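Colleague: this is a predicted model, with the sequence first.
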Amino acid sequence: MFELAIVAGLWLALNLFATRRVLTIGQLVHLPQRMLVATIWLLPFIGALMALGNTPSRRVAEGVVKGATHHDRSGDYGPPPTVLTSAEGGEFPLIERMQQANGLPILDWQALAEWAPTAGDGADAVATGASADAIERGRHAWLLHLREQLGAHMGLFVTDEAFVLSSLDRKLERSTADYVATARARIQRLMGDVVQFPTGHRSILLVLDDEDDYYRYVSIYQPDGEFSTSSGMFIDAGCPHFVVVRGHLQHVEPVIAHELTHAALAHLQLPRWLDEGVAVNTERRVAGPQGSLYTPHELHAMHVRHWDAARIQGFWSGESFLKSGDDSSLLSYELARIIVEQMSREWDGFLAFLRAAGGSEDAGAAAAKSVFGIDLGSYAAALVEAPSDEGWAPASLIRHAPEPA
């Protein structure tokens, strides 16, 4: 009984210490505080250790705050441009082609794309890269307008590979931009010619200060939709770019690797589950494995309990990745990771599958049958030990299956 009291006392003291640290540091930088506190109290000892391992020290947190938000950069920038000009004297009126959403500027990218081929010198403008240069100038101008709206503490750092819009200090801006270049090179080596970073276009990274700014921004692109809690998102709405929350800097690198993979594969128009599965696996190889709240055994048990013929349709359609409030999003990313991990063991075949699955309306089922000779629904059902694979095929195949004679 005495030993039990000692263990209970140690558990309580450790939990109180870990909870206090999470709440204190969470006032300085972005942390998933509710999730970490729940982990502390639900998983004896292990939860507290995991939470402490995912919480930066006070020195690091204070350094982030001091370096990121305590200086005014307005003197580094003049007024953002109001028009773009072409070699032939034509103009693209930026202000007229820019709308405000949630108090932030959104450029009419279609109008810019229509103007860009005329912005060069003569009929060979597109071939000589003038069109790409015009679009890049439009992106640069939009970022300068966005910087002005987000606040005087924001800066735009430009390299040959990246635009980084953030409130980071100069050293962190440079290291973040350098990491974008490094991650792009690693992804290219890993995936080969199936990836495609648009020629002449830098990767765009928006590092927003906190969750309020983050959700204020991403809700522009999903105003009526439900999306799960996240700290990073790839947005491909006229101007491919990705956005992350600044706060927890040690977690930014895997987000960059993940979102850059989306950017590199966007040209394929993959089904959501396949796109996410490749991104998660590539993220692990580029940025290293990340901690998990659950052991592999626990995750497998959760998969077995969760998935059935009804829920798997949300996985194939991509809807389950956006759900919040339960384990649907977590298990969707995990199932996508597992399927891709298994399929990619036959690498050449997997690359052929990616190409065949692009733009498909059946979640890649026909491509899986053609390349691997497998039924995609049966494959997923087997992985989660479903008692039957009836109804597990993507709904488009079910709807379009011929009626029996």
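Modeller: Noted; the coordinates are in hand.
Colleague: where does pLDDT dip in the stretch 101-250 of the chain?
Modeller: Residues of the stretch 101-250 of the chain meeting the criterion pLDDT under 70: 119-129, 223-231, 247-250.
Colleague: which residue ranges of it form strands?
Modeller: For the stretch 101-250 of the chain, the strands defined by DSSP state E, counting those that start in this stretch cover 104-107, 155-158, 162-166, 203-208, 232-235, 241-245.
Colleague: low-confidence bits of the stretch 251-400 of the chain, can you list those?
Modeller: Short version for the stretch 251-400 of the chain, where the test is pLDDT under 70: 251, 291, 325, 396-400.
Colleague: which residue ranges of it form helices?
Modeller: 252-265, 272-287, 296-306, 311-317, 328-343, 347-357, 365-372, 376-383, 395-400 (DSSP state H, counting those that start in this stretch).
Colleague: from the ones you listed, which stretch is densest packed?
Modeller: helix 252-265 (a mean of 24; mean count of other CB atoms under 10 Å). Placement of C-beta: from N, CA and C, glycine included.
Colleague: mind listing residues that contact that one?
Modeller: 176, 179-180, 183-184, 186-188, 191, 194-197, 203, 205, 207, 231-234, 236, 240, 242, 244, 246, 275, 278-280, 282-284, 286-288, 290, 354 (CB atoms under 8 Å, 6 or more residues apart in numbering).
Colleague: out of the helices of the stretch 251-400 of the chain, nearest to T85?
Modeller: Of all the helices of the stretch 251-400 of the chain, it is helix 252-265 that lies closest to T85, at 28.7 Å by CB to CB.
Colleague: thinking again about what came up before, turn the helices of the stretch 251-400 of the chain into CSV, including distance to L156.
Modeller: Compiled in CSV, the helices of the stretch 251-400 of the chain are given as follows (distance: least, CB to CB, whole Å):
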stretch, distance to L156
helix 252-265, 17
helix 272-287, 24
helix 296-306, 40
helix 311-317, 37
helix 328-343, 32
helix 347-357, 34
helix 365-372, 40
helix 376-383, 43
helix 395-400, 43
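Colleague: that older thread, same list (the strands of the stretch 101-250 of the chain) but as JSON lines, adding mean neighbour count and distance to P93.
Modeller: Formatted as JSON lines, these follow (neighbours: other CB atoms under 10 Å; distance: least, CB to CB, whole Å):
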{"stretch": "strand 104-107", "mean neighbour count": "19", "distance to P93": "11"}
{"stretch": "strand 155-158", "mean neighbour count": "18", "distance to P93": "22"}
{"stretch": "strand 162-166", "mean neighbour count": "24", "distance to P93": "22"}
{"stretch": "strand 203-208", "mean neighbour count": "24", "distance to P93": "22"}
{"stretch": "strand 232-235", "mean neighbour count": "20", "distance to P93": "24"}
{"stretch": "strand 241-245", "mean neighbour count": "23", "distance to P93": "22"}
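Colleague: could you dump these into a markdown table and include distance to W142?
Modeller: Output for the strands of the stretch 101-250 of the chain, formatted as a markdown table (distance: least, CB to CB, whole Å):
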| stretch | distance to W142 |
| --- | --- |
| strand 104-107 | 4 |
| strand 155-158 | 11 |
| strand 162-166 | 10 |
| strand 203-208 | 9 |
| strand 232-235 | 13 |
| strand 241-245 | 10 |
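Colleague: any idea which of the ones you listed gets closest to W307?
Modeller: Nearest of these (CB to CB): strand 232-235, 24.8 Å.
Colleague: relative to the closest one, what are the paired strands and their orientations?
Modeller: Partner strands for strand 232-235, per DSSP bridges, with pairing direction: strand 241-245 (antiparallel).
Colleague: between the strand it pairs with and strand 162-166, how many degrees?
Modeller: Put simply, strand 241-245 runs at 30 degrees to strand 162-166, going by axes from the mean of the first three to the mean of the last three CA atoms, to 10 degrees.
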